[in-house]
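Undergrad: no FASTA, just this:
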């Protein structure tokens, strides 16, 4: 399944290149933006991801679309000896590397510039894999999931944190108003790249969520697939495993 939503529709570049370019542009403001647009609740969501991963007692973890490394840094609270953060944006990784150095975590976290559809690791390599607000940026969702399944060890855990759309009144209407009217205004305050924040809103609304995403994961070959809506359904945590 190719995800057709692209940041800049008039560009000659493919989605992958456009996403990398977009996140390079907004990397310096990305952390502040996350706190503001989620009212800080994204921190609570990430801690729930941490709990799921910690319970599996992984020795090594891959955090895909790691961005500035927030989730990778949080994963140091597990007993994992090694955490790899993978991202297609050099600008985001540069910000993340500074955060890791400031926290003196370079002995536990390595950041790698790479593509989620061509993960540069061997089969059955990782005990746990996470993606936080990144799967909707995959150019080809099924290809990305297939790569994740390939590098995940049997009985390993795969956890996704992603935006979703509330389906109950009045949260559905409130979410629609916020994403279409408020989010772009917040984006303008943080960056001159207004198109980037329009893309973030548009991609969240168009991306499959809930049982639709569960079914894609099952189709690829994941087992024990569960979706856990968060905060009235504005985000969802998905967990899955591998035979």
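TA: On my side now, so go ahead. Please read these numbers as outputs of a predicted model, since none were measured by experiment. Residues are numbered from 1 along each chain as shown.

Undergrad: which residues touch stretch 153-160?
TA: By Cβ atoms under 8 Å, 6 or more residues apart in numbering, the residues outside stretch 153-160 that reach it are 49, 52-53, 56, 58, 124-132, 135, 148-149, 152, 213, 222, 236-243. For every residue, glycine as well, the C-beta is placed using N, CA and C.

Undergrad: just those residues: which are in strands?
TA: Judged by DSSP state E, strands contain the following of those: 126-132, 152, 236-241.

Undergrad: picking up where we left off before, can I have the buried ones of the contacts of stretch 153-160 as a ChimeraX selection?
TA: Buried subset of these, written as a ChimeraX selection, criterion 16 or more other Cβ atoms under 10 Å:
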select :49,52,53,56,58,125,126,127,128,129,130,131,132,135,148,149,152,213,222,236,237,238,239,240,241,242
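
Undergrad: and residue 45, which of the three is it?
TA: Following DSSP: H, G, I helix; E, B strand; the rest coil, the label given to residue 45 is helix.

Undergrad: can you give me the pLDDT of it?
TA: We note a pLDDT of 96 for residue 45 in this prediction.

Undergrad: cool, the one 10 residues further on as well?
TA: The model reports residue 55 with a pLDDT of 98.

Undergrad: from residue 128, how far off is it?
TA: Distance, residue 55 to residue 128, using Cβ to Cβ, to the nearest Å: 10 Å.

Undergrad: ok, residue 230 next?
TA: Residue 230 sits 19 Å away from residue 128, going by Cβ to Cβ.

Undergrad: for residue 68, same thing?
TA: Residue 68 is 20 Å from residue 128, by Cβ to Cβ.

Undergrad: no further questions, thank you.
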